[in-house]
Every structure is written in C-alpha cells, then in structure tokens.
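K.L.:
A structural model of the following input is requested.
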Amino acid sequence: MALKDIANMVLALRKAYNKAFTPEAYKAFVTATENLHPGQLDFRIAETPIFCDKAFTKKMIDACEEIVDVIVQPDFKSITDSAIPEGLRVPGNESHSHFIAFDFGVCINEDNELEPQLIEMQGFPTLFAYQAYYADITRQYFDIPDNYSSYLSGFNKETYLQLLKEVIIGNHQPEEVILLEVLPHQQKTRVDFYATEKAIGIPIVCLTELVQEGRNLFYIKDGEKKPVKRIYNRLIFDDLQQQTAAIQEKGKILFNDLDVEWAPHPNWFYRISKFTLPFIKHQYVPETNFLNQLKEIPTDLSQYVLKPLFSFAGQGVIIDVTKEDIDQVKDPQNWILQKKVKYADVIETPDIPAKAEIRIFYFWKDGAARPVATHNLGRLSKGKMIGVRYNKDKEWVGGTIIFFEQ
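P.N.:
Below is the predicted model of the structure:
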C-alpha cells in the first residue's frame, strides 16, 4: 500500500515540511528545547510534529467522550474497585480523576483506511506543562500553519496553563501544594517537573522529604517545615516498589490517614488504566478481555497482544503471543488479552516512514461535571513498539506534538 497520510491537505503539509526541513534547524530546535531547563531533557525529541485534520481529530475526541461517559457513571468506582492492587489502596477522598490521558495509535483498518485505535488510557498526569513550552518552540523553529493548533476545545497557552494551575492548586496557595515524586531529579520526565514549577509555582518534593505529624503532612524547605495541603501526584507505586527498602518504608506514609488532598488521587492510576479497557465497547477501542475471563483461547493469537495490568512504560508486554505464554501466566486476573492493531506507516521521513501515537490530555477541575480535552503529546516510532527503548539509533522518532486543524 502506498504511503497515505491523514488527509490530502495534511499530506501536502507533510511534503512541504519535509522539503523545508534542515538538520541545522533541527539542531537549533533541540538546543532551544534543552535550554528550557539545561541538562534536564532526558529523552529524544522527534524531527517533526504530527499534523492532524479535523475529521481524524473528531474521531479521537468522539471516542474519548464516550469513554468519559462511562467514567462519570455513578457505579464506575464500584466496577473498578478490584483494579487497585492489594496493599496499594490509598485512603482519602478520591473525588474524580483530575487528569486523564488517552493514547491512540494511528492505524490502518481492514478497508485500508486510517483510523485511531485506543492503545491505553491513564488517570494520571503526563508532560502537561512541558508540552505547552515545547509547542511554542516548535512554532518558533518550523513553519506551522496558523489554522493548526496544538490545543483543543478552544484553549490557548495562557488559558491552558491557567486551567492546569487551577486543577493542581485547588483552593490553596502554591507553596501549600507539592509536586510529589520519588527521586524526582533522577526521573526521565523531570523536565516536566521543572516546567510545572515554572508555570504553576509549586515546589518539587521527593517522597523522602515528607514529614508526618499526626494527620498533618509537611515538607522541609531551607530548613523550615512547610505544610502540605494538596499533592500533585507524579509518583507511580509500581516504580516505588522497585526502590530501596528504605524508600519503600518511607512510602508507607502515603497509606496513612492524612489530612491532605490529592490531584489526582493515586487510586485513579489503577481505576482508569488497562483495567478499564474490557468495559469499553467502541469501534476505536480494540477488543480487550481479562485473561481469567476468556472462555477459550483465540486460535489466531498472532492477532493479539498480552499485557500485564500493573506495569508501565511497556514493560512485560508480549507482542508475539503463544499459547505457552498464556499457560505460564500465574495470575490471569492481572492480565488482559487485547486485539492487536496495525499501526500505519503514516509519517513520511527521509528513510522509512514512522508510526505515530497521539496522547490526548483531559483536565477535570473540582466542581465540573466532566473533564475537558485540552492539549496533547505525540510519539513517533520505527520500532516494534512505541517508546525510547524500541527506537535506539533511529532518526525522526521520539517525543513530539500534534497540531490539529482548526
């Protein structure tokens, strides 16, 4: 099949962009991005953004909204109670997930037409602040049409960052709200932590710096105890379980009955996740089943992918599934079997085409009836899977931004 992009107009943009591209401009672009927070950009950024026309954007947003319809149902928490692993349930008022991210692959269907397919979703933050600055730098160094924007729902950089601030801070002062992570200054996504600190004005705090007194939580800054009223949670408990015994012991503080608000509450990391996929029936959501609920193993296993529920960054995923793989699973209730989708070789590059994945950001402010689509990030890949570890020594791959036709 010949290379095909999302629409003829987008194909024209792609060809114009590629023709105008120079390695010198890309080098200057990377330097400018690194200079946002020198020494902190710890992942590859792609040579190109992704251009997305109105029709394709609508398909993704329509799918997101139908999934949100499920999430806002009164029984959603009871349905997803078993999503939270034993021993990892955090007390406190969960309210709603202040942030949701939907990951779509740009795929080819059986009619050789491009369509989005939901790969994963998460009730957890991602590179929200960094992407706002990254979008600006992309426009500065490359020719992006005025009728294309990285924002959704009518947002611009100013209104987007304002909403992000309101969702994170709630009714508190910035110094009473912390961005919490384990060893934050060592994380690959730390550039977003610094961008958040710059945009929102909240401190970055390591789990090891927390102090509990009764039900109250504090952090130490310049030798002084500061109260913690609200936590912008960036800590993934799967990651915490890989840390030293001393750090894991410190992490137990989060399971105490604390007088603190969360944005989002850690339990939403599990409630809105791969666990939720079997409950979603939509043409842009691949058929997904809990492994322990399969009546019989499909005969065409080459068309499926096997995923552990409780992992992140693609770890543990088995792409070329065999019956032996399934038979060896000791905890089938913690695995899903998902219909494989065919990523499209949709982004023309100087050598081979790249595959694309689009992450749509949703923000849910306290008091709002439902979340709203705001912004995005993208990833380009030429490997078997999306992600840095699968694209080493390749070009025109990595993190990027999507510009949507307005």
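K.L.:
who touches stretch 55-74?
P.N.:
Residues outside stretch 55-74 that contact it (CB atoms under 8 Å, 6 or more residues apart in numbering): 6-7, 76, 97, 100, 102, 104, 106, 114-116, 118, 121, 152, 272, 276, 279-280, 282, 284-285, 358, 360, 362, 369-371, 373, 404-405. To be clear about C-beta, it is placed using only N, CA and C from the backbone, and glycine gets the same treatment.
K.L.:
pull out the buried residues from the residues you listed.
P.N.:
Neighbour counting with 16 or more other CB atoms under 10 Å marks 6-7, 76, 97, 100, 102, 104, 106, 114-116, 118, 121, 152, 272, 276, 280, 284-285, 358, 360, 362, 371, 373, 404-405 as buried within the contacts of stretch 55-74.
K.L.:
inside helices: which ones of those?
P.N.:
Under the assignment DSSP state H, these contribute residue 76 to helices.
K.L.:
keep only those of the buried ones among the contacts of stretch 55-74 that are in strands.
P.N.:
Judged by DSSP state E, the subset of the buried ones among the contacts of stretch 55-74 located in strands is 100, 102, 104, 106, 114-116, 118, 121, 358, 360, 362, 373, 404-405.
K.L.:
where is pLDDT lowest across those?
P.N.:
Lowest pLDDT within those is found at residue 114 (89).
K.L.:
give the bridge partners for that one, please.
P.N.:
In this entry, residue 114 is beta-bridged to residue 108, by DSSP bridges.
K.L.:
how about the helix or strand where residue 66 lies: buried residues?
P.N.:
Using DSSP states H and E, residue 66 maps to helix 54-71. Applying a neighbour-count criterion of 16+ other CB under 10 Å, the buried positions in helix 54-71 are 56, 57, 59, 60, 61, 63, 64, 67, 68, 70, 71.
K.L.:
do the same with stretch 35-50
P.N.:
36, 37, 40, 41, 44, 45, 46, 47, 48, 49, 50.
K.L.:
those residues into a markdown table, with extra columns for distance to residue 346, secondary structure and pLDDT?
P.N.:
A markdown table is the format used below for the buried residues of stretch 35-50 (distance: CB to CB, whole Å; DSSP: H, G, I helix; E, B strand; the rest coil; pLDDT from 0 to 100):
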| residue | distance to residue 346 | secondary structure | pLDDT |
| --- | --- | --- | --- |
| 36 | 28 | coil | 95 |
| 37 | 31 | coil | 96 |
| 40 | 31 | coil | 96 |
| 41 | 26 | coil | 95 |
| 44 | 19 | coil | 95 |
| 45 | 19 | strand | 96 |
| 46 | 13 | coil | 96 |
| 47 | 15 | coil | 97 |
| 48 | 12 | coil | 96 |
| 49 | 13 | coil | 97 |
| 50 | 9 | strand | 96 |
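K.L.:
tell me which of those residues is nearest to residue 17?
P.N.:
Relative to residue 17, the closest of the buried residues of stretch 35-50 is residue 48; by CB to CB it sits at 6.2 Å.
K.L.:
these two touch, right, the closest one and residue 21?
P.N.:
Yes - between residue 48 and residue 21 there is a contact under CB atoms under 8 Å: 7.2 Å.
K.L.:
common neighbours of the two, please.
P.N.:
The contact sets of residue 48 and residue 21 overlap at residue 142 (CB under 8 Å, 6+ apart).
K.L.:
ok, back up a step: distance to residue 174 added to the buried residues of stretch 35-50, as a markdown table?
P.N.:
Formatted as a markdown table, the buried residues of stretch 35-50 follow (distance: CB to CB, whole Å):
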| residue | distance to residue 174 |
| --- | --- |
| 36 | 20 |
| 37 | 19 |
| 40 | 21 |
| 41 | 25 |
| 44 | 32 |
| 45 | 29 |
| 46 | 33 |
| 47 | 36 |
| 48 | 36 |
| 49 | 31 |
| 50 | 33 |
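K.L.:
between these, which is closest to residue 335?
P.N.:
residue 44 (30.3 Å).
K.L.:
name the nearest residue to the closest one, sequence neighbours excluded.
P.N.:
Nearest residue to residue 44, sequence neighbours excluded (CB to CB, 6 or more residues apart in numbering): residue 398, at 3.5 Å.
K.L.:
and the one you found, backbone torsions?
P.N.:
Here is the backbone geometry of residue 398 (degrees, to the nearest 10): phi 120, psi -170.
K.L.:
pretty sure it is touching residue 41, no?
P.N.:
No - counting by CB under 8 Å, residue 398 does not reach residue 41; the two are 10.7 Å apart.
K.L.:
now stretch 137-157: mean pLDDT?
P.N.:
In this model, stretch 137-157 carries a mean pLDDT of 97.
K.L.:
that stretch: how far from the chain's middle?
P.N.:
20 Å (CA atoms, centre = their mean, to the nearest Å).
K.L.:
same question for stretch 159-169.
P.N.:
For stretch 159-169, the distance from its own C-alpha centre to the chain's C-alpha centre is 18 Å (CA atoms, centre = their mean).
K.L.:
now do stretch 35-47
P.N.:
18 Å.
K.L.:
and what of stretch 156-166?
P.N.:
For stretch 156-166, the gap between its own C-alpha mean and the chain's C-alpha mean amounts to 18 Å (CA atoms, centre = their mean).
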